[in-house]
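Engineer: Structure of the sequence below:
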Amino acid sequence: MSFKGISQEEMIRLLSKKEKRIKELERKVEFLKRFQKKDVPKAKLTTLVKQGKTNKQLSGIFKVSKRTIARRIKEYDLKGIRKPGRKTIIPKRKKPSGKWISVERYIDKLRGKYQFVNLQYPHTRYINEKTKVCSDTKANPQGSYTTAGVYYVAQNSGVHLIYRTRIRYSEESAPFDEIHAWIKGNARDILANSWLETPLTVVKIIGYTFINPQDKPEQITFERGVVNG
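Structural biologist: Residues are numbered from 1 along each chain as shown. Purely as a prediction, here's the structure:
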């Protein structure tokens, strides 16, 4: 554009008009930036969704909001592509069930209900009132075991006694959780079977201990378990 032969007043007018035009174009561009559809290419979004990228990660990649990503995923029919459980979930640690008390206190409670003529009780420091597991600490025993010792209240001619029977689970040591689950589910049936032809009646199981005995007393086979006198 030539300004030759144009007066100063006219030049100022033209420059002012041009400046107004530029500002108007800038406002239109800003308006379009604000309201135009965000550019989230379907092909690229599909690839990233298949890779398991989260909406938060995708919003960072495309420089848009998570709501925009969610809308595009719905619009492009990409829902359900990502595998469920892609987020790492840290399981909460389960608190031990039941209260641990001293064996002496536990036996004293039983003595208030049963008039025992003997007192044979676990030689551990604590017992869990709910699970009946015996231990020298206020926690389940650690390690592997072959045999469970079962302490129980039995009745004979109206007299209550505390008995202990060792029940062998296997020749090879097994983890505590495994042998505990087995003895808890089978102890009463094993005891009832072993005293079947006697006047003795098993009233209540009061404790479980877990050991690896070296000696092998007389055995009575019962399914997988072995009853040791």
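
Engineer: Regarding the protein, what is its longest helix?
Structural biologist: helix 8-35 (DSSP state H).

Engineer: Give me the buried positions along that helix.
Structural biologist: Across helix 8-35, burial judged by 16 or more other C-beta atoms under 10 Å covers no residue at all. (Glycine included, C-beta is placed from N, CA and C.)

Engineer: so how far is that helix off the chain centroid?
Structural biologist: 64 Å (C-alpha atoms, centre = their mean, to the nearest Å).

Engineer: which residues sit against whichever helix or strand comes after that helix?
Structural biologist: Sequence order places helix 42-50 as the next helix or strand after helix 8-35, per DSSP states H and E. Defining contact as C-beta atoms under 8 Å, 6 or more residues apart in numbering, one finds that helix 42-50 is touched by Gln57, Leu58, Ile61, Phe62, Ile69, Arg72, Ile73, Tyr76, Leu78, Ile81, Arg82.

Engineer: before we move on, what about stretch 173-183?
Structural biologist: Residues contacting stretch 173-183 (C-beta under 8 Å, 6+ apart): 131, 133, 140-146, 148, 150, 167, 169, 208, 210, 212, 224-225.

Engineer: among those residues, which are in helices?
Structural biologist: Using DSSP H, no member of those sits in helices.

Engineer: I'd like to know which of the residues you listed are buried.
Structural biologist: Taking 16+ other C-beta under 10 Å as the criterion, what is buried in these is 131, 133, 140-141, 145-146, 148, 150, 167, 169, 208, 210, 225.

Engineer: Looking at these, which is nearest Gly52?
Structural biologist: Of all those, Asn140 has the smallest distance to Gly52: 38.0 Å, by C-beta to C-beta.

Engineer: which residues of this protein fall in strands?
Structural biologist: Secondary structure of the chain (DSSP state E): strands at 100-102, 126-128, 134-135, 144-145, 147-156, 159-168, 174-175, 201-211, 219-222, 225-228.

Engineer: measure Tyr145 to Glu178 for me?
Structural biologist: According to C-beta to C-beta, to the nearest Å, Tyr145 and Glu178 sit 9 Å apart.

Engineer: Oh, that last question was meant for Asp136, not what I typed.
Structural biologist: Per C-beta to C-beta, Asp136 is found 21 Å from Glu178.

Engineer: same thing with Pro199?
Structural biologist: As judged by C-beta to C-beta, Pro199 and Glu178 stand 35 Å apart.
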